[in-house]
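Trainee: Here's my sequence, what's the structure:
(chains A and B)
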Number of protein chains: 2
Amino acid sequence: MRHMKIIGYGKDIGRKVLSFGLNKRYRMDETQTHFTMAITAIDQSLEVANCSIEDMDLIVFAGAIGFQPIPCSAALISHQYKTKRPIPCMDINTTCTSFISALDTVSYFIAAGRYNRVLIVSADTASLGLNPKQKESYELFSDGAAAIIVEKDPTGTSGVIYGLQQTWSSGAHDTELRGGLSSLHPNLYSEANKEDYMFDMKGPKVLRLVAKKIPEFVTVFEEESHMTLHEMDMIIPHQASRALPLVMKKLKVKEEQYMNYVQAYGNMVASSIPYMLCMALEEGIVTKGSQVLLFGTAAGLSINGLVLKI
Amino acid sequence: MRHMKIIGYGKDIGRKVLSFGLNKRYRMDETQTHFTMAITAIDQSLEVANCSIEDMDLIVFAGAIGFQPIPCSAALISHQYKTKRPIPCMDINTTCTSFISALDTVSYFIAAGRYNRVLIVSADTASLGLNPKQKESYELFSDGAAAIIVEKDPTGTSGVIYGLQQTWSSGAHDTELRGGLSSLHPNLYSEANKEDYMFDMKGPKVLRLVAKKIPEFVTVFEEESHMTLHEMDMIIPHQASRALPLVMKKLKVKEEQYMNYVQAYGNMVASSIPYMLCMALEEGIVTKGSQVLLFGTAAGLSINGLVLKI
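Mentor: I've put the predicted structure just below:
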């Protein structure tokens, strides 16, 4: 086990509430930006941890999309706090599962003694890039942010038990946002190609790949970790889509064993998993000693799983 | 020491040669893209390593700017090779020092047994976003790519001896590219604000911060690592600017002890350091057993150092 414990958590969500049938979605209002949502989540996590930003040894931004192409988003966050210590800043990106990848990575740093206390923040505002013509994704996403602070656990009771990532890159172009960086520069933006600068998801194709690969992932997971999904006290999945219950049913995971808030909150991209983790900690859904699986799929197609002892 | 060894390396550079006085710069021609340059470097690294992409346990993209906002660039690379195994893909970003951060991070994965063989690729094509009005940066950058393959070293002779990153975020807005992601969406691009979508460097201000912070960085580096800069067989610095010799002189590093190709190649953003490392390996500037310091500054302002035993 890579020993570390969660000492702080916080979150933010869009203040503009939309309803699509029974589905509630939360999008930024005019008082919020992608950046301010990240800061609100961090402020809350620092308060819970009773820490200052200056107590961090590393700041990781783990969102799918950054604030600016240069510099990295973590440095822009550090700048906002006018940090005096030179806290290293880095971005880690595996799209929707960026938080899992970041927490997994950070657990190695902490276990090896490189850093003792780390802030990881995810924030994504999909509303900036949704295509009204793609009803499924247009009605799926919420804007959200969540921050988690972890530190070395000298008692050796909490930590990361096991992590696994698989990327099935045949699906790399099935969920994408093509425009804005080097492949399609902003200076090529036009009325004719504006949809290339919006989120584009081939829903049925993604779902077919997910349905095929998740069972394979779980097989490797169970073999390597010597644990089963059913041993988990709680599974915190990415709130990818309304297909979540179908996927879980296929894996024979009971309703009470996983968090399903797709109807209530929608998909917050990389923020979904830490947002749910934060909720679970706030509401006592997971408590000290709980064995929790963070689990999700991401554009790539990546599948990530991480078993935490809280 | 986190044991690992370099088994493959490759690089690519822009084919259009420009001269600014004595300075040679290499920019993409119409046969190249950011993406194809990354692939060319990887192909070469696989050939040197006598490996296939399928032999990799992890693919890391470590450039300042990705190909697309979604998915992560490493997944797009994996897709290009039609990988059959689900090799995990992730992006790590600290702007110009992304390669050092990635290699540093990967060394923990390998030391802990998570992955055995990892491909790290950096590629940056600054020419896409240079501002002709900012002469200093307009004449400074080249387009380049470099890939390095590392694997566990069971003999225990090669590896990472020490790593340090500091981010002085007071400098976060002194080197930036503001437009293209969430802070300034491509749909806001106009003739009036087009410079916000170009690279913007406050050169003298950055240099003042660098001149002040590098000596502080070196003090921590030498104290923590119990090594001095002068013990290094070779220092491979980021080719940040023509101020490189001044910075090195201030640190009392002799000319023959570091690689200075700013005049010959310019600054290739995150690709500079792995490009130089690749050259050093190809030309025997560093050989088995050499103690090498990778060292650089990045937008952020980040400073990274990593001591490798080759």
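Trainee: And the strands in the stretch 101-250 of chain A, which stretches?
Mentor: Applying DSSP state E, counting those that start in this stretch to the stretch 101-250 of chain A gives strands spanning A:117-124, A:144-151, A:159-167, A:175-176, A:200-201, A:234-237.
Trainee: Mind putting these into a markdown table with distance to residue B:3?
Mentor: The C-beta positions use only the backbone N, C-alpha and C, and glycine is treated the same way. Formatted as a markdown table, those follow (distance: least, C-beta to C-beta, whole Å):
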| stretch | distance to residue B:3 |
| --- | --- |
| strand A:117-124 | 24 |
| strand A:144-151 | 26 |
| strand A:159-167 | 21 |
| strand A:175-176 | 37 |
| strand A:200-201 | 42 |
| strand A:234-237 | 35 |
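Trainee: Report the separation between the closest residue to residue A:161 other than its chain neighbours and chain B.
Mentor: Leaving aside its sequence neighbours, residue A:161 sits nearest to residue A:307 (C-beta to C-beta, 6 or more residues apart in numbering or on different chains; 4.2 Å). The gap separating residue A:307 from chain B is 14 Å, by C-beta to the nearest C-beta, to the nearest Å.
Trainee: domain ranges for chain A?
Mentor: According to automatic domain parsing, chain A is divided into the following domains: A:2-155, A:161-257+A:284-309.
Trainee: before we move on, the earlier item: partner strands of the host helix or strand of the residue nearest to residue A:161, with direction?
Mentor: Element membership for residue A:307 (DSSP states H and E) is strand A:302-309. Using DSSP bridges, strand A:302-309 pairs in its sheet with strand A:159-167 (antiparallel), strand A:291-298 (antiparallel).
Trainee: want to try CSV for those, with mean neighbour count, mean pLDDT and distance to residue B:179 as columns?
Mentor: Listed next are the strands paired with strand A:302-309 as CSV, based on neighbours: other C-beta atoms under 10 Å in any protein chain shown; pLDDT from 0 to 100; distance: least, C-beta to C-beta, whole Å:
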stretch, mean neighbour count, mean pLDDT, distance to residue B:179
strand A:159-167, 22, 98, 29
strand A:291-298, 25, 97, 25
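Trainee: Make CSV out of those strands and add distance to residue B:238.
Mentor: Listed next are the strands paired with strand A:302-309 as CSV, based on distance: least, C-beta to C-beta, whole Å:
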stretch, distance to residue B:238
strand A:159-167, 29
strand A:291-298, 31
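Trainee: Mind jotting down where the helices sit in the stretch 51-200 of chain A?
Mentor: With helices called from DSSP state H, counting those that start in this stretch, the stretch 51-200 of chain A shows them at A:73-80, A:98-111, A:135-138.
Trainee: To residue A:8, which of those helices lies closest?
Mentor: Using C-beta to C-beta as the measure, helix A:98-111 is the one of those that comes nearest residue A:8, at 13.5 Å.
Trainee: and the closest one with chain B, contact?
Mentor: Yes: for helix A:98-111, a contact with chain B is found by C-beta under 8 Å from any C-beta of the partner chain, at A:101, A:105, A:108, A:109, A:111.
Trainee: now that we have these, which one has the most neighbours?
Mentor: residue A:101 (28 neighbours; other C-beta atoms under 10 Å in any protein chain shown).
Trainee: That residue and residue A:95 touch, don't they?
Mentor: No: taking contacts as C-beta atoms under 8 Å, residue A:101 lies outside contact range of residue A:95: 9.4 Å.
Trainee: Quick one: closest of the strands paired with strand A:302-309 to residue A:149.
Mentor: Using C-beta to C-beta, the strands paired with strand A:302-309 put strand A:159-167 closest to residue A:149, at 14.8 Å.
Trainee: so the closest one versus strand A:144-151, what angle?
Mentor: 130 degrees (axes from the mean of the first three to the mean of the last three C-alpha atoms, to 10 degrees).
Trainee: what inclination does strand A:159-167 have with respect to helix A:98-111?
Mentor: Using the same axes, to 10 degrees: strand A:159-167 against helix A:98-111 is 130 degrees.
Trainee: From the chain's centroid, how far away is the helix or strand hosting residue A:279?
Mentor: Applying DSSP H and E as the criterion places residue A:279 in helix A:272-282. Helix A:272-282 has its C-alpha centroid displaced from the chain centroid by 10 Å (C-alpha atoms, centre = their mean, to the nearest Å).
Trainee: Stretch A:290-307 now?
Mentor: Counting by C-alpha atoms, centre = their mean, stretch A:290-307 comes out at 9 Å from the chain centroid.
Trainee: gap between the two ends of that stretch?
Mentor: One end of stretch A:290-307 to the other measures 10 Å (C-alpha to C-alpha, to the nearest Å).
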